[in-house]
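[1] My questions concern the predicted model and sequence given below.
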Amino acid sequence: MQIFKVGGAVRDRLLGRPVTEVDWVVVGSTAEEMQALGFRPVGADFPVFLHPKTGEEYALARTERKSGRGYGGFTFFADPRVTLEEDLIRRDLTINAMAEDEHGQLIDPYHGQQDLQARLLRHVSPAFAEDPLRVLRVARFAARYAPLGFRVAEETQALMRQLAVSGELQALTPERSWKEISRALMEPRPDVFVQVLRDCGALAELLPEVDALFGVPQPPQHHPEVDTGAHVLAVLRQCAEHDQPLTVRWACLLHDLGKGLTPPEEWPKHIAHEHKGRKPITAVNERCKVPRECAELALLVGEYHTHAHRALELRPSTLFELLQHFDIYRRPQRFEEFIAASEMDARGRLGLEQRDYPQADYLRGAADAARAVAVRPLLERGFQGAQLGEALNRERLAALKAYKQNRE
């Protein structure tokens, strides 16, 4: 039995980055021997075991053969005769196909260290094109390592394009796609993830509603970058620079989908794009099986982000309705995330990235004013049931009128 450290732990050590988790490959062993040593088996697809003390993953060296469509369409073969090199060649990128032995000696049969130095994301073998999930993985790695100057190798881009047109991407389950998309959106350059997918044709397959935004113009006086797709990329970059959570980043990715439905003869105006966006945003949320908190915020941001931009001009009654839509009394965090997404939208414009966004504090103050209305005095005055709700709304509206007057 020989044990090797493999994959991301080796890659990140060579890059001088923190190593967060370690994977191991075991050569020359069997499942029975691993269990006899106290390792606990996990996963039904192939033999992976958890170390009895550290909990780290140890996988038997294995080969794989394409046997069907999609990410799961593979047959795995684990045997003591499978070599380390045979195990490594089935991996996606050369920088992920390196290993270290027990003495820390690097084993690099596919020149991963050379590609690390060249800042290249390059596939290990032509078998790359057998797994559609790798398109998303490469785009995610590009988003992670873009600040270090990494780019996708041209020959790997060609295989990604081949996968995009093959129809294999449609075989990915929503759960697997969402896992990769959500992780990629939290990388340092989520905009690079979207751009890489678009460059190889995968964005049109996976998120056609987002792909449709590229080439759609906006009024230059409001959007100096003009192109709606370019704007969305800029908004995502702002999200990363301001360390926004996944809910905000997902909402920002989808916030302008309504503009993709504007007839070209109406360009560059996008009348009622906020309302038109509800249908495509709902479609994406459902197709990707997006978690509820992400899906709900995306719909709300799509419909009301222009309300946020015009917050200082809104009538108290409109402001009151906005706060009601967000249920600020029971779900204050969702309104805070809406404000954050709206600010990222405002900052994601060419040359306006550093402009102040006073609407944020104004909206927070309005929410505080509405929340400050106490229920007890109304109860003491005898209001109950529906009458209590009506009285509470009147008091909250009055509080917002007072708030607006004081701010002016």
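    It's in. Residues are numbered from 1 along each chain as shown.
[2] mind listing the strands for the chain?
    2-6, 23-27, 40-42, 48-50, 57-60, 62-66, 74-78, 99-100, 106-107, 120-121, 151-152 (DSSP state E).
[3] Geometric centre of this structure: which residue is closest?
    L185 (2.6 Å; Cα atoms, centre = their mean).
[4] Quick check: that residue touching C252?
    No. Using Cβ atoms under 8 Å, L185 makes no contact with C252, being 9.1 Å away. C-beta here means a position set from N, CA and C on the backbone, and glycine is covered the same way.
[5] got any residues that touch both of these two?
    L236 (Cβ atoms under 8 Å, 6 or more residues apart in numbering).
[6] I281: how many residues sit nearby?
    I281 has 26 neighbouring residues, counting by other Cβ atoms under 10 Å.
[7] oh, I was asking about E380
    9.
[8] I'd like the distance between the closest residue to L120 other than its chain neighbours and F4.
    Of all residues not flanking L120 in the chain, A153 sits nearest, at 4.9 Å (Cβ to Cβ, 6 or more residues apart in numbering). From A153 across to F4, the span is 25 Å (Cβ to Cβ, to the nearest Å).
[9] and Q218, how far is that from L257?
    For Q218, the distance to L257 - Cβ to Cβ - is 14 Å.
[10] hang on, I meant Q244
    Taking Cβ to Cβ, one finds Q244 at 19 Å from L257.
[11] Same drill for the two, tell me which one is more crowded.
    Taking neighbours as other Cβ under 10 Å, Q244 and L257 compare with L257 leading, 27 against 23.
[12] Correct me if wrong: that one contacts N285.
    No. If you go by Cβ under 8 Å, L257 and N285 don't touch, sitting 10.7 Å apart.
[13] okay, and the helix or strand of the protein with the least pLDDT?
    strand 74-78 (a mean of 68; mean pLDDT, DSSP states H and E).
[14] May I have the longest helix seen in the chain as CSV, with CA atoms only?
    Ranked by residue count, the top helix of the chain under DSSP state H comes out as helix 385-407. The C-alpha trace of helix 385-407 is given here as CSV (Å, rounded to 0.1, in the frame of the first residue of the first chain):
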residue,chain,number,x,y,z
GLY,A,385,-58.2,42.2,14.4
ALA,A,386,-58.4,43.8,11.0
GLN,A,387,-59.0,47.2,12.5
LEU,A,388,-55.7,46.9,14.4
GLY,A,389,-53.9,46.1,11.1
GLU,A,390,-55.4,49.1,9.4
ALA,A,391,-54.6,51.4,12.3
LEU,A,392,-51.0,50.1,12.4
ASN,A,393,-50.6,50.7,8.7
ARG,A,394,-51.9,54.3,9.1
GLU,A,395,-49.4,55.0,11.9
ARG,A,396,-46.6,53.5,9.8
LEU,A,397,-47.5,55.7,6.8
ALA,A,398,-47.6,58.7,9.1
ALA,A,399,-44.2,57.8,10.4
LEU,A,400,-42.8,57.6,6.9
LYS,A,401,-44.4,61.0,6.0
ALA,A,402,-42.7,62.5,9.0
TYR,A,403,-39.4,60.8,8.2
LYS,A,404,-39.4,62.1,4.6
GLN,A,405,-40.2,65.7,5.8
ASN,A,406,-37.4,65.6,8.3
ARG,A,407,-34.9,64.3,5.7
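[15] Check which helices and strands it sits against.
    The contact analysis (3 or more Cβ pairs under 8 Å, 6 or more residues apart in numbering; DSSP states H and E) places helix 385-407 against helix 316-325, helix 359-371, helix 376-380.
[16] Tell me how many other residues crowd the nearest residue to L14 once chain neighbours are set aside.
    Residue nearest to L14 in three dimensions, not counting chain neighbours: L116, with 5.7 Å by Cβ to Cβ, 6+ apart. If you count neighbours by other Cβ under 10 Å, L116 ends up with 20.
[17] picking that back up, which stretch among the strands of the chain comes nearest M34?
    Evaluated over the strands of the chain, closeness to M34 peaks at strand 48-50, with 4.9 Å, by Cβ to Cβ.
[18] Just the pLDDT at the residue nearest to the centre of the chain, thanks.
    pLDDT recorded at L185 is 98.
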